[in-house]
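Participant: Quick one: sequence and predicted model below, then my questions.
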Amino acid sequence: MSEINRAAGGIAPAGKALSPEEIRLHYYNTPTEELVRMGGECCRSVHGPDVLLRGLLEYTNYCSSNCLYCGIRHDNSNVQRYRIDEDMLLEAARAGFDRGLRTFVIQGGEDSEYPVDRICRLIERIKEMTRGEAAVTLSCGMRSLDQYRSLKRAGGDRYLLRFETSDPELHRYLRNGSSLEKRLEALEYIREAGFQTGSGFMLGLPGESDETRLNNILLAQQLRLDMVGIGPFIPHPETPLAEASQEDIEMSIRGVALLRLALPEAHIPATTAAGSLVPDGRERMISAGANVLMPNLTPVTFKKDYELYPGKICLDESGIQCISCLSLRVKPLERELSFRRGDAVRLAGSADSPVPGGVR
């Protein structure tokens, strides 16, 4: 065992989270290769070899927000805007369900023309079409507690709302005056409404410090998240941050490994942004402890217009085609694609819950 690992108390037993102090020591002292090994081992001990699949549906790219880093921000007049009607979204979900997918992620900008009751209808139709077998994850922005409750009553299972950065001042600057406090309050509303709760952050944002990056991980741990999505900041040419520098992918790989050690039971995606930055970005995230991949089921006609960052991969192929490609990508890692729902590990006792060590 290395001196660093001794100082940090060694490698935690299978499924046991490292303490904030242990995470801090590893953040500043442990080499990336060692962190990747630790994160990968921790992931396997809790989740086994499975890499869960979630089918992504990007239902609208209209957005009332003006986040400085986002390609579909309200003030970007060069975006070809779209809203996909429910019938087309349901058709895409049906194709994914027929292929075996049992989780669908409905994601979009903060669009007032796609109100809560319309999203509720879509959830209900997906639940009816899948006979209740599929989970529905929502990533539909800031809402009131009553609205979150309506979405939960309609059949929503999970909700994702990234906090993006743990630095309150940087958050206010990047999100056009919106406060981190309000964002975290919304996450509490999501939990109170009964959702499996997800959040996450970007790494490499301009104005970010090492301490901010560490605090991002500690905040995710403090929030006791069921799902955590992170990825590299990639400057978009149609935003105020177009000239910002691009950080190396290593920062995101280290972030995944540390997150896994901080939240052993959480579902952590190998994000498309990582695969867009470097060809093997998603594979490197899986090696470091990620256990989710998200094939994009959005109709190809619309995919190119949901450009949160430039260089996004897989825009010219269907999500169904992506699944075959992803299967080939995970095999060298000795991992297997899994089509099960993959609910939060804390929901013990469900037939779908994984058993430590990967035995099912």
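Facilitator: Right, received. Where do you want to start?
Participant: going forward, measure contacts between C-alpha atoms and count neighbours the same way
Facilitator: Fine.
Participant: ranges for the strands of the protein?
Facilitator: Listed in chain order, the strands of the chain (DSSP state E) span residues 50-53, 55-60, 103-108, 135-139, 158-160, 196-203, 227-232, 292-293, 336-338.
Participant: Turn these into TSV, columns for mean neighbour count and distance to Ala274.
Facilitator: Below are the strands of the chain laid out as TSV (neighbours: other Cα atoms under 10 Å; distance: least, Cα to Cα, whole Å):
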stretch	mean neighbour count	distance to Ala274
strand 50-53	24	16
strand 55-60	24	16
strand 103-108	24	18
strand 135-139	23	19
strand 158-160	27	19
strand 196-203	23	11
strand 227-232	25	6
strand 292-293	24	12
strand 336-338	20	19
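Participant: Look up the pLDDT of Arg254 for me, please.
Facilitator: Reading off the per-residue confidence, Arg254 sits at a pLDDT of 98.
Participant: That one - nearest residue in space that isn't next to it in sequence?
Facilitator: Thr32 (6.1 Å; Cα to Cα, 6 or more residues apart in numbering).
Participant: Give the full set of residues in contact with the closest residue to Lys304 other than its chain neighbours.
Facilitator: Nearest non-adjacent residue to Lys304, counting by Cα to Cα, 6+ apart: Leu315, 5.9 Å away. Going by Cα atoms under 8 Å, 6 or more residues apart in numbering, Leu315 touches Val300, Lys303, Lys304.
Participant: PyMOL command to pick out the buried ones of the residues you listed?
Facilitator: The PyMOL selection below is limited to those of those classed as buried (16 or more other Cα atoms under 10 Å):
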select buried, resi 303+304
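Participant: Can you list which of the contacts of Leu315 are found in helices?
Facilitator: Secondary structure from DSSP state H places Val300, Lys303 of those in helices.
Participant: Name the nearest of the contacts of Leu315 relative to Asp226.
Facilitator: Among the contacts of Leu315, Lys303 lies closest to Asp226 (Cα to Cα), at 27.5 Å.
Participant: What residues does the closest one make contact with?
Facilitator: Going by Cα under 8 Å, 6+ apart, Lys303 touches Glu58, Leu315, Asp316.
Participant: cool, and Val228?
Facilitator: Val228 neighbours (Cα under 8 Å, 6+ apart): Gly198, Ser199, Gly200, Ala220, Ala266, His267, Ile268, Pro269.
Participant: Show me the beta-bridge partners of it.
Facilitator: For Val228, the beta-bridge partners are Ser199 (DSSP bridges).
Participant: quick one, helices of the stretch 151-300 of the chain?
Facilitator: 168-174, 180-192, 210-222, 250-262, 272-277, 281-288, 300-303 (DSSP state H, counting those that start in this stretch).
Participant: Mind checking the ones you listed for the one nearest to Asp85?
Facilitator: Closest of these to Asp85 is helix 300-303, at 11.9 Å (criterion: Cα to Cα).
Participant: mean confidence for that closest one?
Facilitator: 96.
Participant: And the residue nearest to Gly156 when sequence neighbours are not counted, how far from Leu160?
Facilitator: Spatial nearest neighbour of Gly156, excluding adjacent residues (Cα to Cα, 6+ apart): Val136 at 5.3 Å. Using Cα to Cα, to the nearest Å, we find Val136 at a distance of 11 Å from Leu160.
Participant: tell me the phi and psi of Glu317?
Facilitator: phi -130, psi 160 (degrees, to the nearest 10).
Participant: Going forward, the N-terminal residue is numbered 27.
Facilitator: Okay, residue one is now 27; in that scheme the one you just asked about reads as Glu343.
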